[in-house]
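In: My questions concern the predicted model and sequence given below.
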Amino acid sequence: MGRKLEFDKDDVLEKAMKSFWENGYEATSLEDLLKAMSISKGSFYHCFENKETLFKKCLSHYRNFISQDMLNNLQNAPSGLIFIESVFNDAIHHSKSANEQMGCFVMNSAREFAQKDTLVAQLVQDGMNQLEHVFLMALERAQREGALAEDRDTKSLAQYLLSSLNGVKTMVQAGTRQEALENIVKTTLLSLK
């Protein structure tokens, strides 16, 4: 029988994810991870095998959390379009928070090395597909609610919204002024009218 874990696996996964998110995969050393996770090297290898496996688990964890959070927000939103507006407004109005300033963990990972690793590329693509699907659900809801014309191509609009959101998050990371971000969001939302 294996030894019982002396730590909460989800908690240490969250801590490792934040370390990767802040510094990127390459710049995060094993020592950085052990310190952030507050676990021993033996526990690390027993539970996560290696840095690469841990990174992929962190990417999946983040992707699932974000898509579930967005789904919950969509279900609780007064309308499909209000949900979309709130996603964009949250991205710019919370731009002072540490997480927003770090950008999107999935997209940061894509930029760092998704093309070098097929599994990471797949995890990134799956993450983008999940977010696109939430936007698609919101747009289809907006059509049912009569707020979006029936002849609009919701699939293309969902892809456009995902691309725009990633662009806004990148601009937040770059320190773009709040007024400029608000104008970009306003223009993005006008494309749904």
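Out: All right, it came through fine.
In: these two touch, right, N166 and M107?
Out: Yes: at 5.2 Å, N166 counts as touching M107 under the criterion of CB atoms under 8 Å. Glycine gets a C-beta too; all of them are placed from N, C-alpha and C.
In: Counting neighbours, go ahead and name the busier of those two.
Out: Taking neighbours as other CB atoms under 10 Å, N166 and M107 compare with M107 leading, 21 against 18.
In: wait, what's in contact with that one?
Out: V124, N166, K169, T170 (CB atoms under 8 Å, 6 or more residues apart in numbering).
In: W21 too?
Out: Contacts of W21 (CB under 8 Å, 6+ apart): Y62, N99, M102, F105, N108.
In: helix/strand/coil for it?
Out: helix (DSSP: H, G, I helix; E, B strand; the rest coil).
In: Now name the helix or strand holding T176.
Out: T176 belongs to no helix or strand when elements are defined using DSSP states H and E.
In: neighbours around it, how many?
Out: Neighbour tally, T176, other CB under 10 Å: 15.
In: which residue ranges form the helices in this structure?
Out: Counting by DSSP state H, the chain has helices at residues 9-23, 30-37, 41-48, 51-76, 80-93, 98-101, 105-113, 118-144, 154-173, 178-190.
In: For the last one, buried residues please.
Out: Of the residues in helix 178-190, those scored as buried under the neighbour-count criterion (16 or more other CB atoms under 10 Å) are L181, I184, V185, T188, L189.
In: Dump that helix to CSV, keeping only the CA atoms.
Out: Extracted C-alpha coordinates of helix 178-190, given in CSV (Å, rounded to 0.1, in the frame of the first residue of the first chain):
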residue,chain,number,x,y,z
GLN,A,178,-8.1,51.9,-19.2
GLU,A,179,-9.8,54.4,-21.6
ALA,A,180,-8.3,52.6,-24.6
LEU,A,181,-9.4,49.2,-23.3
GLU,A,182,-12.9,50.5,-22.7
ASN,A,183,-13.1,51.8,-26.3
ILE,A,184,-11.9,48.4,-27.7
VAL,A,185,-14.5,46.6,-25.7
LYS,A,186,-17.2,49.0,-26.8
THR,A,187,-16.2,48.4,-30.5
THR,A,188,-16.2,44.6,-29.9
LEU,A,189,-19.7,44.7,-28.4
LEU,A,190,-21.0,46.9,-31.2
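In: by how many degrees do it and helix 80-93 diverge?
Out: Angle between the axes of helix 178-190 and helix 80-93 is 160 degrees (criterion: axes from the mean of the first three to the mean of the last three CA atoms, to 10 degrees).
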